[in-house]
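*Asks:* Build me a structure from this.
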Amino acid sequence: MTRIPARPLVGGEKAFEFHDTPSTKTRDEVQKELQAYRKNPVMADGGKSLAGGALYVFPQHSYALKDGKFVHTDTLKHDTPKPSLTMTPDERRARDRLQGL
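*Replies:* This is a model prediction of the structure:
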């Protein structure tokens, strides 16, 4: 990788720096992954990348009526724990500060 020196911007901030990072994969392995992604551009969360990455379709729940009951037909995880409705003392203080109480 060619290193490009960081250019100073307004106020002396640096724009960007490149750092070489070692890889455990060969070039062929990376090329195979890229070809597989191009054939089926599905992200780790189940969403799809379209138009060369310009668009992203979020994964959605889907249901079907089977034997008189709705069942999940998607591949999303459905075992997420419900959030707790009781606030900790720190959360209560933060809420009170935000609401000016």
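
*Asks:* Contacts only, for the most centrally placed residue in the chain.
*Replies:* With distances taken as CA atoms, centre = their mean, residue 45 lies nearest the centre of the chain, 6.8 Å away. Shown in contact with residue 45 (CB atoms under 8 Å, 6 or more residues apart in numbering): residue 59. Every C-beta, even on glycine, is put in place using the N, C-alpha and C of the backbone.

*Asks:* Ok, residue 87 next?
*Replies:* So residue 87 contacts residue 95 (CB under 8 Å, 6+ apart).

*Asks:* What residues sit buried inside the longest helix seen in the chain?
*Replies:* For the chain, the helix with the greatest residue count under DSSP state H is helix 27-39. By neighbour count on 16 or more other CB atoms under 10 Å, the buried set for helix 27-39 is empty.

*Asks:* CA-only coordinates of that helix in CSV, if you can.
*Replies:* Extracted C-alpha coordinates of helix 27-39, given in CSV (Å, rounded to 0.1, in the frame of the first residue of the first chain):
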residue,chain,number,x,y,z
ARG,A,27,-5.1,-12.5,-2.2
ASP,A,28,-6.9,-15.5,-3.7
GLU,A,29,-9.0,-15.9,-0.6
VAL,A,30,-10.0,-12.2,-0.6
GLN,A,31,-10.8,-12.4,-4.3
LYS,A,32,-13.1,-15.4,-3.7
GLU,A,33,-14.9,-13.6,-0.9
LEU,A,34,-15.4,-10.5,-3.1
GLN,A,35,-16.8,-12.6,-5.9
ALA,A,36,-19.2,-14.4,-3.5
TYR,A,37,-20.3,-11.0,-2.1
ARG,A,38,-20.9,-9.6,-5.6
LYS,A,39,-23.1,-12.6,-6.4
